[in-house]
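Student: Okay, here's the prediction I keep looking at, along with the sequence it came from:
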Amino acid sequence: MTKQTYQVEEVLPYKKKSGSKKKQIMDMFDSISESYDTMNRAMTLGIDLSWRKRAIASLIPFKPKFILDVATGTGDFAIESFKRLRPSKIVGVDISDKMLEIGQLKVAKEGLRNFIELKHGDCMHLMYDDASFDAVTIAFGIRNFERLEKGISEMHRVLKFGGNLVILELSEPNFLFKPFYRIYTKIIIPFVACSLGHDVKAYQYLPNTIKVFPKGKEMIAILEKCGFKEVKYRRFTFGVCSFYRARK
């Protein structure tokens with residue numbers, strides 16, 4: 001497979017700070033971990049909860065027993081997946097230890113420690129054998145991959161033959177909604193973050209990555225290049241969120 005670079009890989013949270021994208025992403029999420037869930041709800045007006053449920057529902061017919069949740073963050077997607085799919089085990093991996101600490105508290109509060117395991121892990125080098133999982137999921141994290149194709153190929157590797165990959169990612173909306181969206185992401189979200197004392201750079205980084213992240217036909221082509229087939233693509237809420245489901 002020919003190695004290709006993508007513009008989104010070059011977008012960094014802290015332009016003047018040294019370090020790889022991976023290191024900067026880790027620092028960024030560590031810094032916003034305590035406010036991450038609150039800002040998520042505020043930024044999407046709570047609609048992200050319905051996006052997650054619709055993405056998870058797409059896996060119901062396949063009844064996956066072992067699920068890997070990549071870039072699991074504070075564990076929301078993993079917890080909701082367990083409630084709706086009732087698999088034998090969900091493993092969530094993330095590079096931010098502070099996000100994981102919050103997620104582990106949430107898992108414990110739900111009484112799901114025996115079913116959901118959250119641990120430090122790098123999506124570029126997943127610590128699992130080939131064909132280990134029935135499904136792999138990633139919600140709002142694939143934009144942050146240091147190398148997009150490498151991360152997708154790793155998710156393909158750990159999937160069992162016939163297993164499903166589910167991706168949720170933010171995207172720019174359709175033409176009519178785009179002017180309002182750009183004002184909202186460029187001005188309103190950073191202003192709210194600043195007023196609450198949050199890391200403004202993190203919320204400026206968000207629209208910058210959304211703007212250049214591959215979407216639609218381009219993303220489908222990347223998934224197919226990395227070995228996936230039967231790619232399904234949908235857009236939610238005027239195109240603000242993109243959903244992909246693909247099979248190995």
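Tutor: Received, thanks.

Student: what's the single longest strand in this structure?
Tutor: The longest strand of the chain (DSSP state E) is strand 159-170.

Student: Leaving out the residues flanking it, which one is nearest to Arg41?
Tutor: Asp48 (7.3 Å; Cβ to Cβ, 6 or more residues apart in numbering). All C-beta atoms are positioned from the backbone trio N, CA, C, and that covers glycine.

Student: what number of residues lie near that neighbour?
Tutor: Around Asp48 there are 22 other residues, counting by other Cβ atoms under 10 Å.

Student: Over to Leu168?
Tutor: 22.

Student: List the contacts of it.
Tutor: Contacts for Leu168 were tallied using Cβ atoms under 8 Å, 6 or more residues apart in numbering; they are 51-52, 55, 77, 138-140, 241-243.

Student: what's the most distant pair in these?
Tutor: Phe77 and Ser242 (15.4 Å; Cβ to Cβ).

Student: quick one, which of the two is more surrounded?
Tutor: Set Phe77 next to Ser242 and count neighbours by other Cβ under 10 Å: Phe77 wins out with 27 against 22.

Student: where exactly do the helices run in the chain?
Tutor: 21-32, 36-44, 48-57, 76-85, 97-109, 148-158, 178-183, 189-195, 200-212, 217-225 (DSSP state H).

Student: Now do the last one against helix 148-158, angle only.
Tutor: With axes from the mean of the first three to the mean of the last three Cα atoms, to 10 degrees as the criterion, the two stretches helix 217-225 and helix 148-158 enclose an angle of 50 degrees.

Student: packing partners for helix 217-225?
Tutor: Packing partners of helix 217-225 (3 or more Cβ pairs under 8 Å, 6 or more residues apart in numbering; DSSP states H and E): helix 148-158, strand 229-236, strand 241-247.

Student: do the fifth one as well
Tutor: When contacts are defined as 3+ Cβ pairs under 8 Å, 6+ apart, helix 97-109 packs onto helix 21-32, helix 36-44, helix 76-85, strand 89-94, strand 116-120.

Student: contacting residues around it?
Tutor: Residues contacting helix 97-109 (Cβ under 8 Å, 6+ apart): 29-30, 33-34, 36-37, 72-76, 78-79, 92, 94, 113, 116, 118-120.

Student: Quick one: mean pLDDT for it?
Tutor: Helix 97-109 carries an average pLDDT of 97.

Student: Only C-alpha atoms, please: export that helix in PDB.
Tutor: The C-alpha coordinates for helix 97-109 follow below in PDB (Å, rounded to 0.1, in the frame of the first residue of the first chain):
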ATOM      1  CA  ASP A  97      -4.300   9.100  31.000                       C
ATOM      2  CA  LYS A  98      -6.400  11.900  32.500                       C
ATOM      3  CA  MET A  99      -9.300  11.200  30.200                       C
ATOM      4  CA  LEU A 100      -9.000   7.500  31.000                       C
ATOM      5  CA  GLU A 101      -9.100   8.200  34.800                       C
ATOM      6  CA  ILE A 102     -12.400  10.000  34.400                       C
ATOM      7  CA  GLY A 103     -13.700   7.200  32.200                       C
ATOM      8  CA  GLN A 104     -12.700   4.500  34.700                       C
ATOM      9  CA  LEU A 105     -14.700   6.400  37.400                       C
ATOM     10  CA  LYS A 106     -17.700   6.500  35.100                       C
ATOM     11  CA  VAL A 107     -17.400   2.700  34.400                       C
ATOM     12  CA  ALA A 108     -17.100   2.000  38.100                       C
ATOM     13  CA  LYS A 109     -20.200   4.200  38.800                       C
END
